[in-house]
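Chemist: Kindly return the folded structure for what I paste below:
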Amino acid sequence: MRIGVAATPEVAIPTLDWLVASEHDLVLVITQPDKPAGRGRTMQQSVVADWAQGRNIRVVKPSSSNDLVGVIDDLDCVVTIGYGVLLPQHILDLPKHGFINLHFSLLPAYRGAAPAQRALQNGEKITGVSVFQLDKGMDTGPIYSKKSVAIEPHWRSFELLHALAQEGPSTVSDALAMISAQVAPSAQEGSASLAPKISKQDARLNFSNDASTLVNAIRAFTYEPGAWCNWKEESFKITSAFALDERQLMPGVIAVDGQKVIVGCANNSAIEILTVIPAGKKEMTAAEWARGARLNGGESFG
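Modeler: Residues are numbered from 1 along each chain as shown. Sure, this is the predicted structure:
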């Protein structure tokens, strides 16, 4: 089949690599327009655009959905992977077999922009990927294929997303085979839940929660946008931690035990923080930060 891919983030790369080597003809990559990035705010294209240009595959960066009219009409199917744009039905109808989407959850659970992150935040043990027919709803279309993935206890969002991305090729392959064989997708079944986009405020750590809730938040929001709190009125990111047995520490209060940096949470629980990113600095171990900050114990995060 003549395939287009609409994608923006790095998680699309494994599926793109598979498609370019498959029996299908990847003729077009659609991605979001260049955006300012870094301290210099220079315009930068997506990693997907870099990938496509390095393989001499045509790249389109539409400023509106209607720019796709006349561009995708001769395609058999468009695969979307984290494209980041809701497409109207008249655009979805242009390719012969419409659009399919690789979504990083077992639908109908976690519909929305941040399914992997919200699964970690909620302490899920299993998630997966789904390929479904795009319609005008929010991840509501019928499903072609699914794959489950067990979540390792230490995984953070970038590690979970990497694992899910590796399931993309086989799941998309199954869906395209079903389309070629004219096998219809199946309606979604089960309880639906939402995975809304993560704001900076969502990622703020609240030490009035218990330790497991804090650890799940750190796993979910590392490295983007970053799980953070205040230290001396500046943003302070905690990038890895684990829950401890019962400790008598007030929420947010810091204790230093040798090389260990411990923070009190609700219900007499606590976390040991392992790595941090202080404001204006690179990631370091919590012990390195504690030495540099000359902690004596008894200080607290805001």
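Chemist: give me the beta-bridge partners of residue 262?
Modeler: residue 255, residue 272 (DSSP bridges).
Chemist: Once you drop chain neighbours, what's closest to residue 65?
Modeler: Spatial nearest neighbour of residue 65, excluding adjacent residues (C-beta to C-beta, 6 or more residues apart in numbering): residue 91 at 5.0 Å. Just so you know, the C-beta spots here come from the backbone N, C-alpha and C atoms, and that holds for glycine as well.
Chemist: wait, I meant residue 78
Modeler: In space, and not counting its chain neighbours, residue 78 is closest to residue 4: 4.3 Å by C-beta to C-beta, 6+ apart.
Chemist: which SSE is the one you found in?
Modeler: Element membership for residue 4 (DSSP states H and E) is strand 2-7.
Chemist: ok, residues contacting the next helix or strand after that strand?
Modeler: Following strand 2-7 in sequence order, the next helix or strand is helix 13-21 (DSSP H and E). Residues from elsewhere that reach helix 13-21 (C-beta atoms under 8 Å, 6 or more residues apart in numbering): 3, 5, 7, 26, 29, 47-48, 51-52, 55, 57, 79, 81, 102, 165-166, 168-169, 172-173.
Chemist: so what's the residue nearest to residue 65 up against?
Modeler: Contacts for residue 91 were tallied using C-beta under 8 Å, 6+ apart; they are 65, 66, 68, 69, 72.
Chemist: Which of the helices or strands spans it?
Modeler: Element membership of residue 91, judged by DSSP H and E, is helix 89-92.
Chemist: So which bits of the helix or strand following that helix are buried?
Modeler: Next helix or strand after helix 89-92 toward the C-terminus (DSSP H and E): strand 99-103. Across strand 99-103, burial judged by 16 or more other C-beta atoms under 10 Å covers 99, 100, 101, 102, 103.
Chemist: now, which of these sits nearest residue 212?
Modeler: residue 103 (26.8 Å; C-beta to C-beta).
Chemist: Tell me what the closest one is bridged to.
Modeler: Counting by DSSP bridges, residue 103 is bridged to residue 130.
Chemist: Residues contacting stretch 136-149, please?
Modeler: 86, 88-89, 92, 100-101, 103, 106-108, 111-112, 126-135, 160, 163-164, 167, 170-172, 174-175, 178-179, 184-188.
Chemist: before we move on, the earlier item: tell me how far the helix holding residue 91 is from the chain's mean position?
Modeler: Its chain's C-alpha centre and that of helix 89-92 lie 25 Å apart, by C-alpha atoms, centre = their mean, to the nearest Å.
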